[in-house]
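Enquirer: This is the structure alone, sequence omitted:
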């Protein structure tokens, strides 16, 4: 029932990705920025957000409802697939799908972190 500094990092990374996409979509980026470049940036930011907020609490996911795991796994597959297609083909629609899927994953993970009690995080070498 709390957010950690790792959730803050994930929030900043996802917000940066969404902002970059919106700026690009509005034409507020240099003309040389392609859909493939935006998709690659979004993939990197999305993976970094996941690594910062989700992976450290991966052990807690063992207790997550199957529906949550199924939805987030499906969204992850959609995001990755859309990102790869956008990088390879430069499809604007796929960049949009990647952006929406990434933002939705962030919303779901953040909501879960706010509503599910967490075990206290321990530092390496710290005793329980």
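Expert: Looks like it came in fine. Remember, predicted model here, so these are calculated numbers, not experimental data. Numbering: from 1, shown residues only.
Enquirer: make it CA atoms for all contacts and neighbour counts henceforth
Expert: Will do.
Enquirer: For the nearest residue to residue 109 once chain neighbours are set aside, the count of nearby residues, please.
Expert: The shortest distance from residue 109 to any residue other than its chain neighbours is 7.5 Å, reached at residue 54 (CA to CA, 6 or more residues apart in numbering). Other residues lying near residue 54 total 21 when counted by other CA atoms under 10 Å.
Enquirer: For the strand or helix carrying residue 106, buried residues please.
Expert: Remark: residue 106 resides in helix 92-115, with elements defined by DSSP states H and E. Within helix 92-115, the residues scored as buried using 16 or more other CA atoms under 10 Å are 92, 94-106, 109-110, 112-113.
Enquirer: do stretch 33-48 as well
Expert: When burial is assessed from 16+ other CA under 10 Å, stretch 33-48 yields the following buried residues: 34-36, 38-43, 45-48.
Enquirer: Specify which member of the residues you listed is nearest to residue 79.
Expert: Distances from these to residue 79 were compared by CA to CA; the smallest belongs to residue 43, at 8.2 Å.
Enquirer: can you tell me how far that closest one sits from residue 18?
Expert: 11 Å (CA to CA, to the nearest Å).
Enquirer: Now do the shared contacts for the two.
Expert: When contacts are counted by CA atoms under 8 Å, 6 or more residues apart in numbering, residue 43 and residue 18 are jointly contacted by no residue.
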